[in-house]
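predicted model and sequence below, questions to follow.
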Amino acid sequence: MKHILPTIVIAQFLSTSLWFAGNAVLADMAAELELAPAFLGNLTSAVQLGFISGTLVFAIFTIADKFSPSKVFLWSAIIASLFNLAVSFKGMSGIQILVFRFGTGFFLAGIYPIGMKIASDYFQKGLGKSLGLLVGALVLGTAFPHLVRSMTDALPWRFVLYATSSLAVIGGLLIWVLVPNGPHRRPSQAFDFTVFFKVFQVKPFRSAALGYFGHMWELYAFWAFLPVFILQYGKLHGQEINISFTSFAIIGLGGLSCAMGGYLSEKIHPSQIAKFALTSSGICCFLSPFILFQPNLVVFMLFLMVWGLAITADSPMFSTLVAQNAPEQSRGTALTIVNSIGFGISILSIQLLNMLNQNLEPAFLFLVLGIGPVIGLFYFVKGKPKQASL
């Protein structure tokens, strides 16, 4: 039993490395294939749109509650890795790349929320800590392609795709071999197409979900345009900055804050941690123009580190509250639904930044992300979801 949580965490890390694999190689890929500047937002949105479509299908057909989560995780990891690998084929057009990234995102729906479902089937007590480690693994997995690229800069950019696809398959196999169905799993006996709507009738569940949606407005747009923000600072102040490694470090710090939040949730209620983190990241949004214009590189890096820590710390706390306030027999579907809507919101913010990036001074780009924390906090505090027991 002691191996279960570490195995889920490692598998989640390995398999979610597929998420930003395209972003990590975008500069080299765009140069080789002569892609338009707006391709960054489109590339990220293709994965998010795929993920949303996947989670909708998984939720409507209650896949996470009807079938063995371990087998769903395995097959999703294999198929997602194949779509990721297809981007490396010679002669790909921009449209083909977007289609393959969409496919990767679709089957990531069988990895990220299913991993949380598996954890909740094993760890009803201490769920906050478990999900903290799990979401931390997702964050590190998201950042990992940037690290791979920074360490293999002399190699062809396709190496990042080879590496992440291989790791994803290994992650799926680890779950399938070492993590059977959990003791708290309550499989659904039939497809229930009404679950998608019923869960939002539960007020505490709805409140936790709305807080999560505010968080998601900010998170992926920040991650996607972080290299742009760093590049602009370097140009503005004549600083040489390793953009790939810095992006990895800032995004990766979020994994640490997720784990820290998970452990703190055994002492402090998850709702309090979520409120503090969402408030802090919202403040960072509104401070971002001032930080970009100031010339001290140390101040700039410290600010990004604080933001990188704050912007993810609330994610596992919201997921914990969503899981604990969802009906037991449809917990997996409820988590999938919330993920689906949250990532749909992230597409809107990414595309908004993509448009603004063509017409607005980059210093003011992240100001609009502050909308999410403000609205999320309002509804989260107003709704007062049931807090997880310590």
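Arrived safely.

from the middle of its chain, how far away would the host helix or strand of residue 233 be?
Taking DSSP states H and E as the criterion, residue 233 maps to helix 203-237. Helix 203-237 sits 10 Å away from the centroid of its parent chain (Cα atoms, centre = their mean, to the nearest Å).

one more: stretch 319-326?
17 Å.

any chance you could list what contacts it?
Under the criterion Cβ atoms under 8 Å, 6 or more residues apart in numbering, residues 116, 120, 127-128, 131, 135, 199, 202, 204-205, 208-209, 211-212, 265, 270-271, 274, 331, 334-335, 338, 385-388 lie in contact with stretch 319-326. For glycine as for every other residue, the C-beta is placed from the backbone atoms N, C-alpha and C.

buried ones in that stretch?
319, 320, 321, 322, 323, 324, 325, 326 (16 or more other Cβ atoms under 10 Å).

repeat for stretch 274-289
For stretch 274-289, by 16+ other Cβ under 10 Å, it's 274-282, 284-285, 287-289.

returning to that earlier point: would you format the buried residues of stretch 319-326 as JSON lines with secondary structure, pLDDT and distance to residue 150 included?
Output for the buried residues of stretch 319-326, formatted as JSON lines (DSSP: H, G, I helix; E, B strand; the rest coil; pLDDT from 0 to 100; distance: Cβ to Cβ, whole Å):
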{"residue": "319", "secondary structure": "helix", "pLDDT": "82", "distance to residue 150": "30"}
{"residue": "320", "secondary structure": "helix", "pLDDT": "82", "distance to residue 150": "33"}
{"residue": "321", "secondary structure": "helix", "pLDDT": "87", "distance to residue 150": "36"}
{"residue": "322", "secondary structure": "helix", "pLDDT": "84", "distance to residue 150": "34"}
{"residue": "323", "secondary structure": "helix", "pLDDT": "77", "distance to residue 150": "35"}
{"residue": "324", "secondary structure": "helix", "pLDDT": "79", "distance to residue 150": "39"}
{"residue": "325", "secondary structure": "helix", "pLDDT": "79", "distance to residue 150": "40"}
{"residue": "326", "secondary structure": "coil", "pLDDT": "76", "distance to residue 150": "39"}
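
got TSV for these, with distance to residue 310 too?
Listed next are those as TSV, based on distance: Cβ to Cβ, whole Å:
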residue	distance to residue 310
319	17
320	18
321	18
322	20
323	22
324	23
325	24
326	26
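
what's the closest of those to residue 369?
In terms of Cβ to Cβ, no member of the buried residues of stretch 319-326 lies closer to residue 369 than residue 319, at 20.4 Å.

quick revisit: among the buried residues of stretch 319-326, pick out the one closest to residue 361, please.
Closest to residue 361, out of all of the buried residues of stretch 319-326 and judged by Cβ to Cβ, is residue 319, at 35.4 Å.

if anything else comes up later, I'll come back, but that's it for now.
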